[in-house]
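> Coordinates only, no sequence provided:
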């Protein structure tokens, strides 16, 4: 559900109240919205585009955590605690966001305390997604996880996934060689086509058939 609709569901006046206290920012593809370790500047509400959220391992390798689509939010923890950013957020394509800073959020809470309900719903959704991914990691094979990510990303990217195999591997919680092997299998089955830094999903039904509980 788009963040505007979620605000309306809490209170019809919340959208205009939020818009009045946010600033608009635009990013071209591959631009960084924030770096891991940065001081928190607020919550990003995605109006257009798509971003990749990634973190770093102890040896400095980038690990993809999630892809956030238009209508969703990212960086909500910045409104609750003044701790450094826990992840880097990168625009995957041309992206426009509205930034709600902590100071403006505190002002908004005084005017519209219902905004807390919106934030709780965002955090609840984040917790549910984390629980789902943990269950998936525990009960699914690496091959199934790769197929899940390809299926979901294919839908998000309108059939053409513009992410590297390394990024796909980190999103699926597996290794790049495993991703490459699964993708080659999918190519032979004519479920996908591989292009330079792109994966074209041509038969999503075949991907669904590879995932037992879908």
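Structure received. These numbers were taken from a predicted model, which means no experiment stands behind them. Numbers count the residues shown, from 1 in each chain.

> For the helix-or-strand element of the chain with minimal mean pLDDT, name the packing helices and strands.
Every helix and strand of the chain was ranked by mean pLDDT, DSSP states H and E. The lowest is strand 62-69, at a mean of 83. If contacts are counted by 3 or more Cβ pairs under 8 Å, 6 or more residues apart in numbering; DSSP states H and E, strand 62-69 sits against strand 50-56, helix 142-156, helix 165-172. Glycine gets a C-beta too; all of them are placed from N, C-alpha and C.

> can you list these in JSON lines and add mean pLDDT?
Formatted as JSON lines, the helices and strands packed on strand 62-69 follow (pLDDT from 0 to 100):
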{"stretch": "strand 50-56", "mean pLDDT": "89"}
{"stretch": "helix 142-156", "mean pLDDT": "91"}
{"stretch": "helix 165-172", "mean pLDDT": "89"}
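
> what would the ones you listed look like in CSV with mean neighbour count?
As requested, those are exported to CSV (neighbours: other Cβ atoms under 10 Å):
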stretch, mean neighbour count
strand 50-56, 20
helix 142-156, 20
helix 165-172, 22
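
> So for residue 115, which of these sits nearest?
If you check each of the helices and strands packed on strand 62-69 against residue 115 by Cβ to Cβ, strand 50-56 wins as the nearest, at 22.5 Å.

> So in that sheet, which strands flank that closest one, and in what orientation?
Paired neighbours of strand 50-56 in the sheet (DSSP bridges): strand 62-69 (antiparallel), strand 88-91 (antiparallel).

> Give me the nearest residue to residue 114, chain neighbours excluded.
Once flanking residues are discounted, residue 114 sits nearest to residue 11: 4.6 Å by Cβ to Cβ, 6 or more residues apart in numbering.

> What's the separation between that neighbour and residue 84?
Using Cβ to Cβ, to the nearest Å, residue 11 is found at 32 Å from residue 84.

> what's the answer for residue 44, then?
Relative to residue 84, and taking Cβ to Cβ, residue 44 is found at 16 Å.

> What is the end-to-end distance of stretch 92-107?
One end of stretch 92-107 sits 32 Å from the other (Cα to Cα, to the nearest Å).

> In that stretch, which residues are buried?
Within stretch 92-107, the residues scored as buried using 16 or more other Cβ atoms under 10 Å are 92, 95, 97-102, 104-105.

> and which of the residues you listed is nearest residue 129?
Of all these, residue 129 sits closest to residue 92, with 18.2 Å by Cβ to Cβ.

> hang on, isn't that closest one packed against residue 53?
No - contact criterion Cβ atoms under 8 Å: residue 92 and residue 53 do not qualify, at 10.4 Å.

> Need the residues touching each of these two.
Here residue 92 and residue 53 share the contacting residues residue 67, scored by Cβ atoms under 8 Å, 6 or more residues apart in numbering.

> coming back round to it: among the strands paired with strand 50-56, which comes closest to residue 176?
strand 62-69 (11.8 Å).
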